[in-house]
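Colleague: quick check, what structure comes out for this input:
(chains A, B, C and D)
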Protein chains: 2
Amino acid sequence: MTPQEATRTQRIPLNRDRVLRAAVALADATGIDALSMRRLAQELGVVPMALYKHVANKEELLDGMVDAVVGEIDPPASGPDWQRVVRGRILSARRVLLRHPWAARVIESRTGPTPAVLAYLDSMAGSFRDGGLSADLTHHVMHAMGSRLLGFSQELFDASGPSGPPDPGLAARYPHIAELAATAAHDGGSTVGGGCDDQFEFEFTLDLLLDGFENLRRQGWTSARKA
Amino acid sequence: MTPQEATRTQRIPLNRDRVLRAAVALADATGIDALSMRRLAQELGVVPMALYKHVANKEELLDGMVDAVVGEIDPPASGPDWQRVVRGRILSARRVLLRHPWAARVIESRTGPTPAVLAYLDSMAGSFRDGGLSADLTHHVMHAMGSRLLGFSQELFDASGPSGPPDPGLAARYPHIAELAATAAHDGGSTVGGGCDDQFEFEFTLDLLLDGFENLRRQGWTSARKA
DNA sequence: ACCATAGGTGTACGGCGTACACTCGTCAAG
DNA sequence: CTTGACGAGTGTACGCCGTACACCTATGGT
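Modeller: Take a look at the predicted model:
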């Protein structure tokens, strides 16, 4: 086999998707700390700088990996019981994050939410709204779920729009998020800026859990596992 | 001023505490990504390798920083109302983590819990026990709180003892944690190893929140802020 | 007066992300 | 068929990182 033939057969010319998939696979196999541009390039049989024709830099690579992983989460089921719908979706998200143990930390390390994350959050908010929760309640409920159960940390929400007037068209793409942002904006409570009252959100979740715990305590709750 | 005098006056010979405090201050001021051994050494007017006489490596430096920060959390107040006690303590922890925005991520990135974190968790568990919650319920409640509200992620708990028989003496130092570990061990449910049933803990929290949300919804809950 | 020791130094290595200039294969226009 | 633009992959190089290792030097106990 001549070198040219060898070259010709192995060229499958490498596109952004192949790069992202290889990156996810490498992170799954060897951990996120072992994922370097150089190592990834080697895995793809290519020189490190070749990757930069497909991703701008490592940050964008990580963004792409996050989107790939979040894209694995099942779409919401349909049904009349909103708790069932939300529960199933979140358990699907949890399964995805268990498949990619590095993902939760990477998601939390992103400075701004990526499109797939926004879409996921938007559709989740939609499930609450469809279940009959008010936009107001949905807003706080989303914050509460952000307390790790969604896999995403709190700050993710705030980062969505710190700059000036909201991008029109964003409301069209993510209607539920836009609705939540609106409710946050027009109840000009304790915060000065346009953002959410983080302190309120935190205490909302905290008190909800504490009351729940107290109820369980009063009922003499026990985990009742089959021993 | 001779060089010797200059040397003598500026020598405050640098100990582990000064290193840790400088590291925390540097991370507070410039962000955790800008905290490098070289930069920190420069801040202390010293050559990079000098730091290694006081911390074994960067991981241990980060451990030390975590302990320093967690040590800032107020001790639990005393009082008959356990919800008040826990609430106050957690809000203190939150204030600390807001003062050191890098800390939450660093804490979650540690592979094993540091002594101050263990002490904090132990004393928190003690507050629940003192409030009358059973050891069993306290166990799950701690997991639920670990869902970000404590500032620490879930996995922190599991890491506490994956290896063999538990260290005797640890039970003496952290009695409540030992108690929780015991309840986890002897209800040999769905898990094979000695650890917790993560799935159960996750769903426990999830269902608690969901039921809380549904109750709020039924009551037509509204955030009732003074507009 | 001696020397062990603890704290600080200097040099060096391998790995990282990536800027920049290049080569080379492909393909459309002349 | 020639040409030349262009996109994909290359090679070299820079500055940062953590840290191993050998060295110096002041201090304090004998």
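Colleague: if I look at the nearest residue to residue A:86 once chain neighbours are set aside, how far off is residue A:134?
Modeller: Counting by Cβ to Cβ, 6 or more residues apart in numbering or on different chains, the nearest residue to residue A:86 once its immediate chain neighbours are dropped is residue A:127, at 5.2 Å. Where you see a C-beta, it was placed from the backbone N, CA and C, and this is true even at glycine. Taking Cβ to Cβ, to the nearest Å as the criterion, residue A:127 is separated from residue A:134 by 14 Å.
Colleague: these two - which one has more neighbours?
Modeller: Residue environment comparison for residue A:127 versus residue A:134 gives the larger neighbour count to residue A:127, 22 against 18, counting by other Cβ atoms under 10 Å in any protein chain shown.
Colleague: count of neighbours near residue A:86?
Modeller: One way to gauge burial is a neighbour count; for residue A:86, by other Cβ under 10 Å, it gives 22.
Colleague: pull out the buried positions in the helix or strand hosting it.
Modeller: Using DSSP states H and E, residue A:86 falls within helix A:82-99. Buried residues in helix A:82-99, defined by neighbour count with 16 or more other Cβ atoms under 10 Å in any protein chain shown: A:82-83, A:85-90, A:92-94, A:96-97.
Colleague: name the nearest of the residues you listed relative to residue A:25.
Modeller: Distances from residue A:25 to the buried residues of helix A:82-99, taken as Cβ to Cβ, are shortest for residue A:96 (14.8 Å).
Colleague: which SS class is residue A:29?
Modeller: Look at residue A:29: counting by DSSP: H, G, I helix; E, B strand; the rest coil, its state is helix.
Colleague: number of nearby residues for it?
Modeller: 10.
Colleague: tell me the pLDDT of the residue nearest to residue A:120 when sequence neighbours are not counted.
Modeller: Beyond its immediate neighbours in the sequence, the residue positioned closest to residue A:120 (Cβ to Cβ, 6+ apart) is residue A:70, lying 5.5 Å away. pLDDT, the model's per-residue confidence, is 91 for residue A:70.
Colleague: so how far is residue B:48 from residue A:70?
Modeller: Counting by Cβ to Cβ, the gap from residue A:70 to residue B:48 is 39 Å.
Colleague: who's more crowded, those two?
Modeller: The residue with more neighbours, out of residue A:70 and residue B:48, is residue A:70; 25 against 14, by other Cβ under 10 Å.
Colleague: you'd agree the more buried one is up against residue A:117?
Modeller: Yes - using Cβ atoms under 8 Å, residue A:70 and residue A:117 qualify as a contacting pair, with a distance of 5.4 Å.
Colleague: overlap in contacts, these two.
Modeller: Shared contacts of residue A:70 and residue A:117, defined by Cβ atoms under 8 Å, 6 or more residues apart in numbering or on different chains, comprise residue A:107.
Colleague: need the residues of chain A near DNA strand C, please.
Modeller: By Cβ under 7 Å from any atom of the strand, the residues of chain A that approach DNA strand C are A:8, A:35, A:36, A:37, A:38, A:39, A:48, A:49, A:52, A:57, A:58, A:59.
Colleague: output those in a markdown table; the columns should cover distance to residue B:12, secondary structure and pLDDT.
Modeller: Listed next are these as a markdown table, based on distance: Cβ to Cβ, whole Å; DSSP: H, G, I helix; E, B strand; the rest coil; pLDDT from 0 to 100:
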| residue | distance to residue B:12 | secondary structure | pLDDT |
| --- | --- | --- | --- |
| A:8 | 67 | helix | 39 |
| A:35 | 41 | coil | 98 |
| A:36 | 39 | coil | 98 |
| A:37 | 42 | helix | 98 |
| A:38 | 42 | helix | 98 |
| A:39 | 43 | helix | 97 |
| A:48 | 45 | helix | 97 |
| A:49 | 47 | helix | 97 |
| A:52 | 47 | helix | 97 |
| A:57 | 41 | coil | 97 |
| A:58 | 39 | helix | 98 |
| A:59 | 40 | helix | 96 |
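Colleague: how's chain A carved up into domains?
Modeller: A:10-55, A:73-218 (automatic domain parsing).
Colleague: helices of chain A, residue ranges please.
Modeller: Chain-ordered helices for chain A, with DSSP state H as the definition, fall at A:3-10, A:16-30, A:37-43, A:58-70, A:82-99, A:103-109, A:115-130, A:135-146, A:155-158, A:170-173, A:175-186, A:198-218.
Colleague: the fourth one: which residues count as buried?
Modeller: Applying a neighbour-count criterion of 16+ other Cβ under 10 Å, one finds A:61, A:62, A:63, A:64, A:65, A:66, A:67, A:68, A:69, A:70 buried in helix A:58-70.
Colleague: rank the domains of chain A by pLDDT, which is bottom?
Modeller: Mean pLDDT values for the domains of chain A show the minimum at domain A:73-218, a mean of 72.
Colleague: quickly note the distance from residue A:40 to residue B:87.
Modeller: When Cβ to Cβ is the yardstick, residue A:40 and residue B:87 sit 46 Å from each other.
Colleague: OK, contacts around the closest residue to residue A:79 other than its chain neighbours?
Modeller: In space, residue A:79 comes closest to residue A:85 once its chain neighbours are excluded; the distance is 5.6 Å by Cβ to Cβ, 6+ apart. In this structure, residue A:85 makes contact with A:76, A:77, A:78, A:79, A:127, A:130, A:131, judged by Cβ under 8 Å, 6+ apart.
Colleague: just the closest of the residues you listed to DNA strand C, please.
Modeller: For the contacts of residue A:85, the residue nearest DNA strand C by Cβ to the nearest atom of the strand is residue A:76; the value is 35.3 Å.
Colleague: next, count neighbours for that closest one.
Modeller: Residues within reach of residue A:76, counting by other Cβ under 10 Å, total 19.
Colleague: identify the residues contacting it.
Modeller: Counting by Cβ under 8 Å, 6+ apart, residue A:76 makes contact with A:85, A:86, A:88, A:89, A:123, A:124, A:126, A:127.
Colleague: those residues: which two are farthest apart?
Modeller: Considering Cβ to Cβ, no two members of the contacts of residue A:76 lie farther apart than A:88 and A:126, which are separated by 14.4 Å.
Colleague: can I get the buried residues of helix A:82-99 in TSV with distance to residue B:27?
Modeller: Listed next are those as TSV, based on distance: Cβ to Cβ, whole Å:
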residue	distance to residue B:27
A:82	42
A:83	41
A:85	41
A:86	37
A:87	38
A:88	40
A:89	36
A:90	33
A:92	36
A:93	31
A:94	31
A:96	31
A:97	27
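Colleague: need the residues you listed in TSV (columns: distance to DNA strand D).
Modeller: Converted to TSV, those look like this (distance: Cβ to the nearest atom of the strand, whole Å):
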residue	distance to DNA strand D
A:82	45
A:83	46
A:85	41
A:86	41
A:87	42
A:88	40
A:89	36
A:90	37
A:92	34
A:93	33
A:94	33
A:96	29
A:97	28
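Colleague: doesn't residue A:83 make contact with the residue nearest to residue A:86?
Modeller: No - Residue A:127 lies out of contact with residue A:83 (Cβ under 8 Å); the separation is 9.6 Å.
Colleague: buried set for stretch A:208-227?
Modeller: Neighbour counts using 16+ other Cβ under 10 Å place A:208, A:209, A:210, A:212, A:213, A:216, A:217, A:223 of stretch A:208-227 among the buried residues.
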